[in-house]
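K.L.:
A structural model of the following input is requested.
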Amino acid sequence: MDNQRIQERRPAVTIRFADSGLPLEWASVRLLLDDTDVTPIAVISPDAISFAPEWDLEFGNHRVTLEVMDAAGNILPQQEWAFIIPHSELFDRVAAEMRVDTELAHEVYQKDDSPDPDWTVQSNATLLSNLESGDFKASLEANVWYIDQDGPNPMEDNFNLNNYLVQLEYRGQNLAYGDVNVTGTELVSETISRRGGVVTLNAAGVTAQGFMLSSNYLTGFDDMVGIDDSDNRLEGGSLEGALLDNNQLTLKGTVVTGRNEEPDDYNASTLAAGHKGTIYSFQLTSSLFEEKLNLTAEYGLSDFDEDTSDDIDSDWDDAWLLRFSGRAGSYDYGGGYKYLSEEFQSVVTPLAINNRAEYSLYGTKTFEVASLTANVINSRDNVEKNDALPVIDNTNAGLSFNCYPPDWPTFSLSGNVGWQDSSHEPSGTDPIENRTDTVGGGVSFIRESWNLSPNYYFTNFDDETPDNADRQSHQLALNVGWQPIEMLSLNPSASYSRTETDFDDLVTETWQGTLAGMCVFNEAHNLNWTLSATDTQTDDDSFHTRTYFLIGQHNWHIQTPFLESVQKTLSFRGQYNRTEDKILDTTDEDYTVYLVLNIGIPLSYP
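P.N.:
Residues are numbered from 1 along each chain as shown. Got it, this is the predicted structure:
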């Protein structure tokens, strides 16, 4: 049966133990079809096991797995067989699924000067498709959206492409184009997610990868190619292979070069200038003593020009790191050290922090119904002592305990201490010296028809500088879930915060309450709502606001004798907002009521 092409969509599978080299005396057997346990519906005899699916199997490749325990209690090696149900003589499998969801909302009643549109149409379509022929596989994934509305703030792009991905694979070799994810390294970038293309080749235990990507994050039909502009492109590749057996030591080399003359401008505070650069990385990873000790070492070398519009040349600089982690019995542990030179910068992440040294340690002890975790991290910024900047040390140490006994409330306690100090301050720069202490915890009660989760945290900020910006804050929250009857569920919550600042002797208090709920009348009708109120006030009466928010929606899931697979929901949706300024004695409110039709259309082939 192995690799046999079978036309029957419900093939009968029979495995005779003697033909498979299995003992005639066994204690138990287990049969899986495509990783699904079908033993309960199989026919088992002393010398064979048989199974015939009661449903049509999909076209394409399928796998049968047999697991056997002999009479002595030994688990024997798994045996596997594969077979193919071809879609046609040319293709083993052809399949496509598409889901189109559309929402049409029309205003029924609203405030005269409401900023909400009179009507809105939103549609979203997702496509998943694949094709297989022997060792060749191809797939296409795509998502597009459409939106239109009448009223203020019209949309500029009514119809656009959100993302797409084309993948081709042949005997372990892979080509991907579209919105791809490239696995990098910590110094380069853990993941490079951009629009472009990636080629992956595997041979003799070595993986080679090459890619060409856009420097910016792109969406839309206008930028489907993504790599046609050489001034906004990343190019690179990696080579990875095992130096020792069983991946006990693996080496990965990565290089990325590129430039970006028009960086993304999501907001002015993070806008980078036009830049270009190259980065090389060499990473060693090792797993020793059955993963009791996992090691990672990486060295990076970069040549980066942070502003291509000036005459200042780019600079080469380096960075390196060491990481360890492991698990031994009930203990998990790890830590590491990383050093980033002042001029080191990855062209993939041009705004990432550099000129820093940091180390970290953590450990967790797991008990039968509890766990205890301790961690500490220290970072030093401006480690190479640029005269224009202070050297700033940040240290955080934390301890947390979680207990989860069965049939009892679970609870957690945590404490954290943070220190921040500066040195080598340039002339005219005030020193930094402060400490932050945070302690708190929570309890969670979970029962069949209700749950209750209160928590409390206290934070004290002690500023040792002349500014004396000391402050203390208390945060108390309560979340409740209650289902008094089967058709009704309620989720009330409440929170209170109080912040005291010493430098202006000011106390700010905030109260917030929320009531969310759902009432299911029957299979066709349900009602859900969220009501919240927030009050914030200072004790000197310089600020006092109160806000109310309410949204509710009644849904009618329409059932018809035709188009049964199409989801059809008609809804009434209402929303109310109100803000009161108690100091200025002003009120601003807005309200709208919409009639909403949601249609979900599933399409599939075959």
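K.L.:
Could you check the pLDDT of the most centrally placed residue in the chain?
P.N.:
By CA atoms, centre = their mean, the chain has its centre lying nearest to Thr191, at 12.2 Å. Note for Thr191: predicted pLDDT of 95.
K.L.:
And for Tyr266?
P.N.:
pLDDT recorded at Tyr266 is 42.
K.L.:
what helix or strand is the residue nearest to the centre of the chain on?
P.N.:
strand 189-203 (DSSP states H and E).
K.L.:
List the buried residues for that strand?
P.N.:
By 16 or more other CB atoms under 10 Å, the buried positions in strand 189-203 come out as 189, 192, 194-200. In short, each C-beta sits where N, CA and C put it, glycine included.
K.L.:
which one of these is nearest Asp135?
P.N.:
Nearest to Asp135, judged by CB to CB, of the buried residues of strand 189-203 is Thr200 at 15.3 Å.
K.L.:
which residues does the closest one form a beta bridge with?
P.N.:
Asn174, Gln209 (DSSP bridges).
K.L.:
surely it meets Gln173?
P.N.:
Yes. If you go by CB atoms under 8 Å, Thr200 and Gln173 touch, sitting 6.9 Å apart.
K.L.:
ok, Gln110 - how many residues close by?
P.N.:
19 (other CB atoms under 10 Å).
K.L.:
where does the chain dip in pLDDT?
P.N.:
1-2, 24, 151-157, 264-272 (pLDDT under 70).
K.L.:
picking up where we left off before, show me what the strand holding Thr191 packs onto, helices and strands only.
P.N.:
For strand 189-203, the elements it packs on are strand 173-185, strand 206-214, strand 232-242, judged by 3 or more CB pairs under 8 Å, 6 or more residues apart in numbering; DSSP states H and E.
K.L.:
Have a look at the chain and report its longest strand.
P.N.:
Counting residues, the longest strand in the chain under DSSP state E turns out to be strand 586-605.
K.L.:
and that strand, what other elements does it pack with?
P.N.:
Partner elements for strand 586-605 (3+ CB pairs under 8 Å, 6+ apart): strand 93-110, strand 567-581.
K.L.:
Name the helix or strand for the nearest residue to Glu67 once chain neighbours are set aside, please.
P.N.:
Leaving aside its sequence neighbours, Glu67 sits nearest to Arg30 (CB to CB, 6 or more residues apart in numbering; 4.2 Å). Arg30 belongs to strand 26-33 when assigned by DSSP H and E.
K.L.:
With only the CA atoms kept, save that strand in PDB.
P.N.:
Output of strand 26-33 as PDB, limited to C-alpha atoms (Å, rounded to 0.1, in the frame of the first residue of the first chain):
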ATOM      1  CA  TRP A  26       0.700  -8.200  21.600                       C
ATOM      2  CA  ALA A  27      -0.800  -6.200  24.400                       C
ATOM      3  CA  SER A  28      -2.300  -3.300  22.600                       C
ATOM      4  CA  VAL A  29      -2.500  -1.700  19.100                       C
ATOM      5  CA  ARG A  30      -3.300   1.900  18.000                       C
ATOM      6  CA  LEU A  31      -4.100   2.900  14.400                       C
ATOM      7  CA  LEU A  32      -4.000   6.500  13.200                       C
ATOM      8  CA  LEU A  33      -5.100   8.000   9.900                       C
END
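K.L.:
Identify all contacting residues around the helix or strand following that strand.
P.N.:
Following strand 26-33 in sequence order, the next helix or strand is strand 36-37 (DSSP H and E). If you take CB atoms under 8 Å, 6 or more residues apart in numbering as the criterion, strand 36-37 is touched by 30-31.
K.L.:
strands paired with strand 36-37, and their directions?
P.N.:
strand 26-33 (antiparallel).
K.L.:
mind listing what's buried in the strand it pairs with?
P.N.:
29, 31-33.
K.L.:
And the contacts of that strand?
P.N.:
By CB under 8 Å, 6+ apart, the residues outside strand 26-33 that reach it are 13, 15, 17, 37-39, 42, 44, 49, 51, 53, 62-71, 73.
K.L.:
and the strand holding Thr191 with strand 232-242, angle?
P.N.:
Put simply, strand 189-203 runs at 60 degrees to strand 232-242, going by axes from the mean of the first three to the mean of the last three CA atoms, to 10 degrees.
K.L.:
Understood, closing this out.
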